[in-house]
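Q: structure of the sequence below:
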Amino acid sequence: MPSSKTSEAEAGRRLLNFALLSIITFSIMMSKLAMAQQQQDVSPPQSRNHVFANKIFQVLTEGNSKNLIFSPLSLEIVLAAAGLGAIGETKNQISNGISLPLEKEFLKSRYAPLLTGIKDDSGCILRIATQMFVESRFSLLEGFVKSSAEAFQCGLESVDFISNPESALQTINSWAEERTQGLIKNLLQGDDIDDSTRLVLVNAVYFKGQWAYQFDAAQTRKEDFHLLDGRTVQVDMMHIERRFRFGRPNGLNAKVLELPYKGDQLSMVILLPDSSSSIAELEEKVSAEAFDLDDLLSNHTYPVEVTVSLPKFKLEVSTDLVEPLHKLGMTKMFSSEADFSGISVGEELKVSKVLQKAFIEVTEEGTEAAAATGM
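A: Presented below is the predicted three-dimensional model:
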């Protein structure tokens, strides 16, 4: 790749019209926080940081031509929390599925930089919260409650699933809605819990960020946007022209653009397949376990003058995760052979449902996004 000086001389003002991928993953990318983890020598090898995100992305996009917004982080935390109380093969399957050791100290170190969040004085807000809702007549092992609190700052609330499941449902949904600033409503439906429910684990992620370089609203105009099914629709297209990190990595057959948010801790990364490639081919490459987004951004993008055209959009998607988790080998936890005796010895527990709702809105000012996962 050319140096920045060569880029200015040879590339000049590259006019590259970026259309957002029809498949979007809301996976918070924190290069500065990741570096903080490395300095503490507690993070897993860099190649493992995105392994679960890559795996679940591959499963969710397989044969799916619809828009997708999804938070691997939110799902990972819920699974890891349940995994702390799993035993034997149930624990092994969860550990292998999320590609992480289910040890309290490791998980505590991994998530600590994330759980502190980012405050709005940096131009961005990032909040992550986890809560256990337990049947009031059901006893949890003290060690599990303590480990969950230490590893994930997980809270605990008693509800009445047996006598008043409707009230319990409202309590859970209200918690998720509050933690996502009203973006995620009705995470769970009436048939998601009943009088046999003993425990519901919920994680919520909320993000609001202002672009470091905002789009000019006066430049936003209706333009054609081509869908995968061949149809063309009119969308509000935002425009900006300035210097961004950009690259065309060898073998990826795609353009890579990084749009930073204020505070220089978070960014949106956009991948656009070349005309000789397709979204399906790009999905296959970025969902491979060897794909490393941090390496891609650090070593294969460079400051370049770019003209960016980006759709202004809002998207909300609900995802049932039972089948995808089965495909990743996490089958035992859904069966009568599940062993969660590290959570409670009172009754035999198994997972019945795993759901996620996610939301994103991209405007000239920035991005607001949220996700909540319930299990």
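
Q: where in the stretch 151-300 of the chain is pLDDT low?
A: Scanning the stretch 151-300 of the chain for pLDDT under 70 picks out the ranges 228-229, 287-290.

Q: can you show me the helices along it?
A: 165-179, 279-286, 293-300 (DSSP state H, counting those that start in this stretch).

Q: closest to residue 195 out of those helices?
A: Closest approach to residue 195 among the helices of the stretch 151-300 of the chain is made by helix 165-179 (6.1 Å; CB to CB). In short, each C-beta sits where N, CA and C put it, glycine included.

Q: which residues does the closest residue to residue 341 other than its chain neighbours contact?
A: Leaving aside its chain neighbours, residue 341 sits nearest to residue 87 (5.3 Å; criterion: CB to CB, 6 or more residues apart in numbering). Each residue near residue 87 by CB atoms under 8 Å, 6 or more residues apart in numbering is listed here: 339, 340, 341, 342.

Q: contacting residues for the second one?
A: So the one you mean is residue 340. Going by CB under 8 Å, 6+ apart, residue 340 touches 82, 85, 86, 87, 90, 333, 348, 349, 350.

Q: between these, which sits nearest residue 245?
A: Taking CB to CB as the measure, residue 245 sits nearest to residue 82 out of those, at 37.4 Å.

Q: check the offset of the helix or strand harbouring that closest one from the chain's centre.
A: Element membership for residue 82, per DSSP states H and E: helix 72-84. Distance of helix 72-84 from the chain centroid (CA atoms, centre = their mean, to the nearest Å) equals 12 Å.

Q: what's that helix packed up against?
A: Under the contact criterion of 3 or more CB pairs under 8 Å, 6 or more residues apart in numbering; DSSP states H and E, helix 72-84 touches helix 51-61, helix 88-98, helix 104-115, strand 124-135, helix 142-152, strand 199-210, strand 366-374.

Q: Serialize these to JSON lines and add fields for distance to residue 223.
A: Putting the helices and strands packed on helix 72-84 into JSON lines (distance: least, CB to CB, whole Å) gives the following:
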{"stretch": "helix 51-61", "distance to residue 223": "26"}
{"stretch": "helix 88-98", "distance to residue 223": "40"}
{"stretch": "helix 104-115", "distance to residue 223": "37"}
{"stretch": "strand 124-135", "distance to residue 223": "28"}
{"stretch": "helix 142-152", "distance to residue 223": "43"}
{"stretch": "strand 199-210", "distance to residue 223": "24"}
{"stretch": "strand 366-374", "distance to residue 223": "20"}
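
Q: JSON lines for those, including mean neighbour count?
A: Putting the helices and strands packed on helix 72-84 into JSON lines (neighbours: other CB atoms under 10 Å) gives the following:
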{"stretch": "helix 51-61", "mean neighbour count": "21"}
{"stretch": "helix 88-98", "mean neighbour count": "19"}
{"stretch": "helix 104-115", "mean neighbour count": "18"}
{"stretch": "strand 124-135", "mean neighbour count": "22"}
{"stretch": "helix 142-152", "mean neighbour count": "18"}
{"stretch": "strand 199-210", "mean neighbour count": "24"}
{"stretch": "strand 366-374", "mean neighbour count": "25"}
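
Q: any idea of the pLDDT on the residue most central in space within the chain?
A: The centroid of the chain falls nearest to residue 71 when counting by CA atoms, centre = their mean (2.1 Å). Here, the pLDDT recorded for residue 71 equals 90.

Q: with residue 98 instead?
A: On pLDDT, residue 98 comes in at 95.

Q: if we can go back for a sec, give the ChimeraX command for selecting the buried subset of the contacts of residue 340.
A: If you want just the buried ones from these in ChimeraX, going by 16 or more other CB atoms under 10 Å, the selection is:
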select :82,85,86,90,333,349
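
Q: what are the structural domain limits within this structure?
A: Domain assignment of the chain by automatic domain parsing yields the ranges 4-24+211-313, 32-210+314-374.

Q: so of the ones you listed, which one's packed in deepest?
A: Mean neighbour count (mean count of other CB atoms under 10 Å) peaks for domain 32-210+314-374 among the domains of the chain, with a mean of 19.

Q: pull the distance from it to the chain's centre.
A: Worked out by CA atoms, centre = their mean, domain 32-210+314-374 lies 10 Å from the chain centre.

Q: same question, stretch 270-277
A: Distance of stretch 270-277 from its chain centroid, counting by CA atoms, centre = their mean, is 22 Å.
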